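A.B. asks: Any chance you could fold what I've pasted below:
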Amino acid sequence: MTAFRYDVFLSYRHKPLDAEVTQKTFRFLESYRLPGSLEREGRHGVRRVFRDTEELPVSRILSSTIEEALRDARCLVVICSHDTPSSEWVDREVATFIELGKAESVYPLLIDGTPEISFPPSLKKIPGAEERMMDVRTPEGTAQSIMKRAQTALLRVVAQVAEVPEEDLVREEHLRRKRTVRFAAGAAAALVAFVVAVSGGLWMKAESYRQVTAKEQQAAMEVLERLTYGLPDRLVEQPGLYPKVAEILSDNADQIQRILELSPQSDDARYKVAVNKEKLATALLKLGSYDTSEASEKEAIGIYETLAGGQYPGSSLALASAKSNLGNILTAEGNYQEAAALYQTALDAIGDGDAGLRAPILGNLGRCQVMLGQYEEAASSLEECRALLEQGESTDYGEDASAVLTEAQCDLNLGLAKMQLTEYGEAEELLRRSSALYDAVAEDYRARTVRINALHADSALADCLTRQGRTAEAEEVFEKAIRQAETLAEDETNTEAQLILGELCNNYALCLNQEGRFAEADTWYRRYAAIQEAAYAAASTPQAAARLAQAYYNIAENAFKSGDYDTTSGYFRRCLDLLEPVSEQLGNYQRGEYLARLAYYEIIVERDYKAAEKAALEAYEVLPDSEFVLYNLGYALLMAGREEEADRVFTVLASLGEGALQSVTLDFEAMEKADIYSPHMPEVLQMMEDAARQG
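C.D. replies: Numbers count the residues shown, from 1 in each chain. Presented below is the predicted three-dimensional model:
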């Protein structure tokens, strides 16, 4: 049987409706999982889809990238609208597929018009094309309404890829949907009704009997709290219910606070109200409701500060813990600078008196320091965290698995720091250990945070392997992790799942880019960019802007290596325009990243080597430990004619291993192809090769 790189090639006209339907079709096909009954037979669905997101000039000559993708595709899906026949590009893609002897694997997706109006000329020549047509036209004519029909119609293509009869797949999918709807609806209705009924009943009881004993009140609180704060974990396998759960949590938290305020001892009541606010903040954080989570935690901090001023027992330690929890929320938002300051404040308040609390805070501080580019400081914080964990009596975990989870998170963060410090051997060992710990816990403890953190560990491990030049091993890790992330990301309300899928797509693209597989890398980079665009549209924060800027930079850099200079220039400008206004407020890390990217832009787009040298040296002053900064500093110095200084930079890069040599080699090849050349380039590569051989 012929092996294909792509299961589906999407051909479409670059018009707003066509492009939106294509993007949604791309996501549906790549995320669709076969029903379990077919997977158990060894079948697989669509694994890879090709779509080109850039409009090509009107020409009957396709690019080599497009031709290769058509040759390596099993099926061709043509998005047909009244605009399609005017695209010579789409017509040529269909004609090429016919010439390759694959006419029977062409599937029209009709989104408006009629076959006579919307089929390109070459498609009309295929016998039986209308019989394979998937008619998804709707009266509304919107992408959303079209895709509701397309999710069933596209099963025809999935069946072709899976090599099963279409009617078998449709029947199994119908059964699966019925089971899912019954289960989710039943679970949601039962939980919502039960929680509302119980919480309402308890409140009525508390109001009616203000003189209830403390024991009765505590019993009521325990039931209500268990229902309220256990919901996120219990609903982890129920996609789409998180927004409703957030409403229940907020309503019940208000009722809990009213019950607590019945207590005659005001300081005790205030303390319990603060504890309640913290529990609500933690639950909302799990649901991705960052703003409301942050507000609830700040209310708790305000109460603890008042109590600490009155010397209420335990309030000072509780205040330190609450500040650490607020740091967790800010970290999730991407506000690493403020989070790190809060963690440090919490550590100063705790001192050396509570190792059990100090260890996880150190781990969280280390994570922030990694994200801020403070790698030496991060390694110091995280090594202290590990030392505290090792002093504990045991790493065996009970019902909440907290000890092992803290250890796994510490190993993950320390592995990231060691990787940035180019200590790859130690980093790999730590990341493998972190992944194994998360996997062990996930067997019994199915909170989505554990599952997503396990994928972060896998992503970091694969990235570490890529940097060592072990791309084949990295690719295996990526493919397995991406499949798991796609399952989680089927729930579009799960923000964490979308972000980890984006991280994996980006790092996988970096791996493919390093192997010189630029067309494949472009597909994954654009998938990452689409996720970040959605995140930025939902919340236009500086942190979201920085992540989207990184996505645009990666598309530009990859396009440069493939020789697509128009895409390079366009996406580079998008990157810099987004990052420049927020880089100062996000701290040194993003400021250094911006300057390094500006340096590379000046080299490959503007060819202004003096400007590149200036930006690269500024980036090095701000972020001297960054591998990314070092690459661009080396290129800038080389092109500015400062060869001796450039050699010193490349000598440092050579010590990073085989991955660095591969990266510099690919960059030099791309520069020469674009007529950006220094006669000293061959000597640099020879020096790096010699250094690599010497170990």
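
A.B. asks: Strands along the protein, start to end?
C.D. replies: 6-11, 49-50, 73-80, 106-110, 134-135 (DSSP state E).

A.B. asks: So what's the predicted local confidence for Ser86?
C.D. replies: Per-residue confidence (pLDDT) for Ser86: 88.

A.B. asks: same question, Leu38
C.D. replies: 83.

A.B. asks: Would you check how far apart it and Tyr677 are?
C.D. replies: 54 Å (Cβ to Cβ, to the nearest Å). Glycine gets a C-beta too; all of them are placed from N, C-alpha and C.

A.B. asks: neighbour count winner among these two?
C.D. replies: A count of neighbours by other Cβ atoms under 10 Å puts Leu38 above the other of Leu38 and Tyr677, at 20 against 12.

A.B. asks: can you list the weak-confidence ranges in the stretch 251-400 of the chain?
C.D. replies: Where the stretch 251-400 of the chain drops to pLDDT under 70, the residues are 251-265, 286-288, 353-354, 392-400.

A.B. asks: thinking again about what came up before, got the strands of the chain as a markdown table, with distance to Asp690 columns?
C.D. replies: Below are the strands of the chain laid out as a markdown table (distance: least, Cβ to Cβ, whole Å):
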| stretch | distance to Asp690 |
| --- | --- |
| strand 6-11 | 40 |
| strand 49-50 | 40 |
| strand 73-80 | 43 |
| strand 106-110 | 53 |
| strand 134-135 | 58 |
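
A.B. asks: distance of the closest residue in space to Gly310 that isn't next to it in sequence from Ala320?
C.D. replies: Nearest residue to Gly310, sequence neighbours excluded (Cβ to Cβ, 6 or more residues apart in numbering): Asp267, at 7.0 Å. Going from Asp267 to Ala320 by Cβ to Cβ gives 19 Å.

A.B. asks: Please say which of these two ends up with more neighbours.
C.D. replies: Taking neighbours as other Cβ under 10 Å, Asp267 and Ala320 compare with Ala320 leading, 24 against 14.

A.B. asks: so where's the stretch 451-600 of the chain uncertain?
C.D. replies: Applying pLDDT under 70 to the stretch 451-600 of the chain flags the ranges 493.

A.B. asks: re the thing from before, just so I know, which of the strands of the chain lies nearest Glu683?
C.D. replies: When the strands of the chain are compared by Cβ to Cβ, strand 49-50 sits nearest Glu683, at 39.4 Å.

A.B. asks: by contact count, what packs against the closest one?
C.D. replies: strand 6-11, helix 16-31 (3 or more Cβ pairs under 8 Å, 6 or more residues apart in numbering; DSSP states H and E).

A.B. asks: what's next to that strand, contact-wise?
C.D. replies: 6-10, 26, 29-30, 69, 73, 523 (Cβ atoms under 8 Å, 6 or more residues apart in numbering).

A.B. asks: Pretty sure the residue nearest to Gly310 sits against Gly314.
C.D. replies: No: with contacts counted by Cβ atoms under 8 Å, Asp267 stays clear of Gly314, the gap being 11.1 Å.

A.B. asks: Could I get the average pLDDT for stretch 616-624?
C.D. replies: Here the average pLDDT along stretch 616-624 is 89.

A.B. asks: Over to stretch 601-609?
C.D. replies: Stretch 601-609 shows a mean pLDDT of 94.

A.B. asks: Would you work out how far apart the start and end of that stretch are?
C.D. replies: One end of stretch 601-609 sits 10 Å from the other (Cα to Cα, to the nearest Å).

A.B. asks: Ser86 against His14, yeah?
C.D. replies: No: the criterion here is Cβ under 8 Å, and Ser86 misses it with His14 at 11.1 Å.

A.B. asks: of those two, who's got more company?
C.D. replies: Neighbours per residue, other Cβ under 10 Å: of Ser86 and His14, the larger number sits with His14, 16 against 12.

A.B. asks: Against Val106, how distant is the more buried one?
C.D. replies: 20 Å.

A.B. asks: so what's the closest residue to Gly469 other than its chain neighbours up against?
C.D. replies: Nearest residue to Gly469 in three dimensions, chain neighbours excluded: Glu658, at 3.1 Å (Cβ to Cβ, 6+ apart). Listed by Cβ under 8 Å, 6+ apart, the contact partners of Glu658 are 468-469, 692.

A.B. asks: Now render these as CSV, adding neighbour count.
C.D. replies: Formatted as CSV, the contacts of Glu658 follow (neighbours: other Cβ atoms under 10 Å):
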residue, neighbour count
Gln468, 22
Gly469, 20
Ala692, 16
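
A.B. asks: Can I get those in a markdown table including distance to Ala417?
C.D. replies: Formatted as a markdown table, those follow (distance: Cβ to Cβ, whole Å):
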| residue | distance to Ala417 |
| --- | --- |
| Gln468 | 17 |
| Gly469 | 21 |
| Ala692 | 24 |
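
A.B. asks: Closest one of those to Asn453?
C.D. replies: The nearest member of those to Asn453, counting by Cβ to Cβ, is Gln468 at 23.1 Å.

A.B. asks: is it true that that closest one touches Tyr424?
C.D. replies: Yes: using Cβ under 8 Å, Gln468 is in contact with Tyr424, at 5.2 Å.
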